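A.B. asks: sequence isn't available, so here's the structure alone:
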C-alpha cells in the first residue's frame, strides 16, 4: 500500500496511490479492489474513527496491483505554539482494502494504520 500525507495551511492532504500483490479474491487470478479510509486518533479502532472522515476509492476491476489515486483533505486543524499541527501529531490514517463482489458481501483483503 502506497500512501502519503502533507500539511498545508492547516489542512492535512492525503493521497492513497496504489497497492501491489493483493490476494486473488475472485479465484480467477484477479480481484476488484477498492479502499476505504478514515482519519482518527492514533492507535484507535476503525469504529472509533469518525465516519464523517471516511472516503472511498473507485473499484479497480480485474487487478491485484490497483492504482487508485484517491486524494482528499482533512482540516482545518489547530496548531500548537511550535507550529506543529495537532492533527498530524495525534491522528492516523486507517486504510481498509476490500474486493468488490457483485453477488455476495465484499471480501476484506487487509488494512493498514499510518501514523
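C.D. replies: Noted; the coordinates are in hand. This one's a predicted model, so the numbers in the text were calculated from it and none came from an experiment.

A.B. asks: strands paired with the helix or strand encompassing residue 97, and their directions?
C.D. replies: Element membership for residue 97, per DSSP states H and E: strand 91-99. Counting by DSSP bridges, the strands paired with strand 91-99 are strand 33-41 (antiparallel), strand 107-114 (antiparallel).

A.B. asks: deepest-packed of those, please.
C.D. replies: strand 33-41 (a mean of 21; mean count of other CB atoms under 10 Å). In short, each C-beta sits where N, CA and C put it, glycine included.

A.B. asks: what's the first helix or strand after that one?
C.D. replies: The C-terminal neighbour of strand 33-41 among helices and strands, as given by DSSP H and E, is strand 55-56.

A.B. asks: re earlier: for the strand holding residue 97, what is the distance to the chain centroid?
C.D. replies: Strand 91-99 has its average C-alpha position 4 Å from the chain's average C-alpha position, going by CA atoms, centre = their mean, to the nearest Å.

A.B. asks: what does stretch 104-113 give?
C.D. replies: The answer for stretch 104-113 is 12 Å, by CA atoms, centre = their mean.

A.B. asks: name the residues that touch it?
C.D. replies: The contact list for stretch 104-113, computed with CB atoms under 8 Å, 6 or more residues apart in numbering, reads 1, 3, 22-23, 25, 31, 33, 43, 46, 92-101.

A.B. asks: before we move on, back to that, distance to residue 55 and mean pLDDT for the strands paired with strand 91-99 - can I get that in CSV?
C.D. replies: Rendered in CSV, the data for the strands paired with strand 91-99 read as follows (distance: least, CB to CB, whole Å; pLDDT from 0 to 100):
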stretch, distance to residue 55, mean pLDDT
strand 33-41, 5, 93
strand 107-114, 14, 94
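
A.B. asks: if we can go back for a sec, filter the contacts of stretch 104-113 down to the buried ones.
C.D. replies: Under a neighbour-count criterion of 16 or more other CB atoms under 10 Å, the subset of those counted as buried comprises 3, 22, 25, 31, 33, 92-100.

A.B. asks: looking at the residues you listed, which is nearest residue 51?
C.D. replies: Minimum distance to residue 51 across those is 11.9 Å, recorded for residue 94 (CB to CB).
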